Each structure stands twice: as C-alpha cells, then as structure tokens.
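A.B. asks: build me a model from this:
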Amino acid sequence: MKNTFLISSFVIIFLFSFSILLESPVHSQTNPSDNNEYLYPANKEKVVDETVDEFYQALRNLKYPIHQEVYQRYKQKPKQQQRHLDTVLFKEMPDASVNVRKKLLFNEVERLNYITFDGNILSIYPYIDINYHQTVSPDRQVYFFYSFKDTEKEFRGNYAIYDVETKEMVAGGNTYMPKLNLTRNTYDKER
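C.D. replies: Here you go, the predicted model:
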C-alpha cells in the first residue's frame, strides 16, 4: 500500500512538472532570425556602386543627412556629455598600426577580430558576435571600419559598422587597454 502511494505520488509530481516545463514561455519563444523580421533585412544581391573609400570620404565630409543630424546632436550636447567626435562619426587613427576599410556582409565581420596580449590575458577586439545584433540580417551589406594601434605599452582601437543602404551606424565602439610591463623584475628592485 505504501509503495503504491509513493509510486502514484511520484508519477503525479513528474507529470505535473513535465506539463509545466512544456508550457514554459522560454521554450515557446522565437528568435527574430526565425521570422526574418530584421530592421535591416538581407540585401546581398543588391548592387551598391559606392566604394568603401567613397563612403569614408562622404562620412568625413558629412555628405549624407543622417551624418549631418548626428553631428548636430553631438554639437548641441554640453561639453562634459560629448563623446569624442571620431567615435560618433568614425575616423581612422592617424598613428594607427592598422586601418581597415571593407565592404562586406554583416556575417563576415566576426572574422576580422584582432587578438592582442596585455601581459596577462589574450583579448579579442572588436569582439563582434552577430547573434547579439538581431536587428541586422547576416546577409546585409555593411561598411566595416577598424583602426588600432598596438604597442608594447598599450592597445587602442576603434571600429564602426555602417549600413550600405541607409548609411546609419549599426555598431561601433572604442577601447583602451594598458599592457603590463613584463620585462621589469620587481624582485630585483626590492633588494
């Protein structure tokens, strides 16, 4: 009798738990990639005549209305709230080790990461995982700009990704990472 009660209790608890698991909203959610509802849909077949260098010059000259608007919003902010303009509207670093300008599909951007070592850990920059950019189709044409300086003392880098059709920035950022001085032996200086 006791065993029958335990077995039936176990079965009821198991079935109840299993039914809750199946009805869980976590398992019924869909990703935007499943529905193909992107803010920037695929356009890999579309022909865009503007080269990446022509777009870079247009960006620097504020040729497009979207960039003029961004510049005006930047200038209206108080000085303490203004980020560096070269981050808002991408500009290559003048003393950069590497400057990259490419026109490619958004899913190809992940392959352009640079690995640097700060003396302690390896770091990837820019770390771009297209799974976190669910508004941009992986088959969307973009302009990719990347500029960095990697020395023994520091790493500085900035990047920007612009949509080919709308000319809007879809991702971007910058970083500064000081490096550890591995050649200095602090044990010898303590004596």
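A.B. asks: output the lowest mean pLDDT helix or strand found in this protein.
C.D. replies: helix 25-28 (a mean of 42; mean pLDDT, DSSP states H and E).
A.B. asks: got the contact list for residue 62?
C.D. replies: 68, 71, 89 (Cβ atoms under 8 Å, 6 or more residues apart in numbering). For the C-beta atoms, the positions are set from N, CA and C on the backbone; glycine is no exception.
A.B. asks: neighbour-wise, give me the winner out of those.
C.D. replies: residue 89 (17 neighbours; other Cβ atoms under 10 Å).
A.B. asks: ok, that residue touching residue 71?
C.D. replies: Yes: using Cβ atoms under 8 Å, residue 89 is in contact with residue 71, at 6.6 Å.
A.B. asks: which residues touch residue 104?
C.D. replies: Contact analysis of residue 104 by Cβ under 8 Å, 6+ apart lists 141-142, 144.
A.B. asks: out of the residues you listed, which is nearest to residue 99?
C.D. replies: Nearest to residue 99 out of these is residue 144 (Cβ to Cβ; 11.5 Å).
A.B. asks: need the three-state assignment for that closest one.
C.D. replies: Put simply, residue 144 is strand when judged by DSSP: H, G, I helix; E, B strand; the rest coil.
A.B. asks: roughly how far does the closest residue to it other than its chain neighbours sit from residue 143?
C.D. replies: Using Cβ to Cβ, 6 or more residues apart in numbering and skipping residues adjacent in sequence, the residue nearest residue 144 is residue 102, 4.7 Å away. Distance, residue 102 to residue 143, using Cβ to Cβ, to the nearest Å: 7 Å.
A.B. asks: run through the bridge partners of residue 174.
C.D. replies: residue 158 (DSSP bridges).
A.B. asks: ignore the last one, residue 143
C.D. replies: According to DSSP bridges, beta-bridge pairing links residue 143 with residue 103, residue 162.
A.B. asks: quick one on the thing from earlier: mutual contacts of residue 102 and residue 143, please.
C.D. replies: With Cβ under 8 Å, 6+ apart, residue 102 and residue 143 have common neighbours residue 52.
A.B. asks: out of the contacts of residue 62, which is nearest to residue 38?
C.D. replies: residue 89 (24.2 Å).
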